[in-house]
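Visitor: 3D, please:
(one chain, ligands or ions: 1)
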Amino acid sequence: MAERRTGLVYDERCVAHEPPGGIPPGGLPDWAAVPPFERPERLTLTRRALEGSGVLGSVIELPPRFATEAELRLAHTEAHVRRVLDLAATGERVEVGADAWSGPGTHEALLLAAGGPLAAVEAVLDGSLDNAFALLRPPGHHAERDAAMGYCLVNNIAIAARWAQRERGLARVAIVDWDVHHGNGTEEIFLDDPSVLTVSLHQDGLYPAHTGGLATRGAEGTNVNVPLPAGTGDAGYAHAFDRIVAPAVRAFRPELLLIAAGQDASATDPLGRMSITVPGFRALADRAVALADEVCGGRAVALLEGGYSLLHLPLANLAILEGLAELPATFAHDPVGVDAPVALRDVEWAAVAAAEQAHLP
Ligand SMILES: [Zn+2]
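Guide: All right, here's what the predicted structure looks like:
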């Protein structure tokens, strides 16, 4: 067994979420249509990697559960919850918000993607697990209090943070988001709430284009944006984690660390222009584990957000799960064959220095 009691939350019913695809959806003739980026294979290929690697023998599989409507309302307006559930219940392919769709299988999947992390948080807080990874979809970090967007219908990680506060009495929860896109929804939900620290590492100006800047710090400085230049790889992310993420989380003293683990900063992702390798994701997971050990007794729950490279995502997810469980890494080198820039580039150093100056004066 692993050093840690690490939980894995996975459910085949989240594979059945099949939003319409193509760019722009419906805007191309059939012969030119491309499959959706946020597609079921993100999970099925991850599952195959987990099974093939043998890691499942060293982690504890935890069944997810459906979130209740009241739990969805922990982070959303009643109107939003009603709208999303009513549209999803039809089973038809419909647009629920900007770049966010519902389709067959979405109703069950979204309730599991929101409820699964709650089962993980509960197990970690009651001490039956040390940490956990919820590998479910649809993702959540773009969903705002009253709006679905960017493949996200409800904000799973925001609901998990609120649940830990309301149901288990936690005073402070930290959310670290390394998805290549800005966690705008999570920011919007907690911007004026100093009891939840939100930290987002993202590609500067990617999506949404107009959020994620250094100036958005929240009423008490508990919103930390770290925009990074395109091309940032393993060294740049490690540097940003060490210089900004870790000090900000340390100073905040959370009782639980939640990680919005989107792997779309991988070197082959179609929606990002970053360069993280499989060992680079392992290094991020190792840092998160060490940070949680230092500040909150190791209590950490990671939630899958984005990640659209079917080459890198499954292996990055495996690397993160191995990191959470402190298992030897299956891949010491990037199996996709990507050479990450070894040294920190000047533009990465400068971006981190600017974020340090804005957030840690
Ligand atoms: Zn993303």
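
Visitor: Every contact and neighbour count from this point should use C-alpha atoms.
Guide: Will do.

Visitor: which stretches of the stretch 151-300 of the chain have low pLDDT?
Guide: The model of the stretch 151-300 of the chain has no residue with pLDDT under 70.

Visitor: Now with 90, please.
Guide: 219 (pLDDT under 90).

Visitor: Which stretches in it count as strands?
Guide: In the stretch 151-300 of the chain, strands defined by DSSP state E, counting those that start in this stretch lie at 173-177, 196-203, 223-228, 256-261, 300-304, listed in chain order.

Visitor: Kindly reformat those strands as JSON lines and extend each row with distance to the ion.
Guide: Shown next, in JSON lines, are those (distance: least, C-alpha to the ion, whole Å):
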{"stretch": "strand 173-177", "distance to the ion": "10"}
{"stretch": "strand 196-203", "distance to the ion": "9"}
{"stretch": "strand 223-228", "distance to the ion": "14"}
{"stretch": "strand 256-261", "distance to the ion": "9"}
{"stretch": "strand 300-304", "distance to the ion": "10"}
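
Visitor: P20 contacts R93, correct?
Guide: Yes. P20 is in contact with R93 according to C-alpha atoms under 8 Å; the separation is 6.3 Å.

Visitor: and for these two, which residues touch both?
Guide: Here P20 and R93 have W101, S102, G103 as joint contacts, going by C-alpha atoms under 8 Å, 6 or more residues apart in numbering.

Visitor: Make CSV out of the strands of the stretch 151-300 of the chain and add distance to V336.
Guide: Output for those, formatted as CSV (distance: least, C-alpha to C-alpha, whole Å):
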stretch, distance to V336
strand 173-177, 24
strand 196-203, 22
strand 223-228, 23
strand 256-261, 20
strand 300-304, 21
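
Visitor: So what does the closest residue to A100 other than its chain neighbours have for phi and psi?
Guide: Spatially, and ignoring its direct neighbours in sequence, A100 is nearest to Y151 (4.2 Å; C-alpha to C-alpha, 6 or more residues apart in numbering). The phi/psi pair for Y151 (degrees, to the nearest 10) reads phi 70, psi 0.

Visitor: what's Y151 in contact with, if anything?
Guide: For Y151, the contact set (C-alpha under 8 Å, 6+ apart) comprises E38, D99, A100, W101, P138, P139, G140, H142.

Visitor: Are any of these buried, and if so which?
Guide: Burial by neighbour count, judged by 16 or more other C-alpha atoms under 10 Å, picks out E38, A100, W101, P138, P139, G140, H142 from the contacts of Y151.

Visitor: okay, now T198: neighbour count?
Guide: Other residues lying near T198 total 31 when counted by other C-alpha atoms under 10 Å.

Visitor: Numbering from 45 from now on, please.
Guide: Shifting the count to begin at 45 puts that one at T242.

Visitor: is it in a bridge, and if so with what?
Guide: I219, N267 (DSSP bridges).

Visitor: residue contacts, it?
Guide: Contacts of T242 (C-alpha under 8 Å, 6+ apart): A218, I219, V220, D221, T230, E231, F234, T266, N267, V268.

Visitor: hmm, 10 Å instead?
Guide: T242 makes contact with 202, 217-221, 227, 230-235, 261-262, 265-269, 289, 292-293, 302 under the criterion C-alpha atoms under 10 Å, 6 or more residues apart in numbering.

Visitor: just the residues of the stretch 245-394 of the chain that are near the ion, which are they?
Guide: G350 (C-alpha under 5 Å from the ion).

Visitor: what's the burial count for the residue of the stretch 245-394 of the chain found nearest the ion?
Guide: Closest residue of the stretch 245-394 of the chain to the ion, C-alpha to the ion: G350 (4.2 Å). Number of residues near G350 (other C-alpha under 10 Å) recorded here: 30.

Visitor: what about the nearest residue to it once chain neighbours are set aside, neighbour count?
Guide: Leaving aside its chain neighbours, G350 sits nearest to G306 (4.2 Å; criterion: C-alpha to C-alpha, 6+ apart). By other C-alpha under 10 Å, 24 other residues sit near G306.

Visitor: What's the end-to-end length of stretch 245-252?
Guide: Taking C-alpha to C-alpha, to the nearest Å, stretch 245-252 runs 13 Å from one end to the other.
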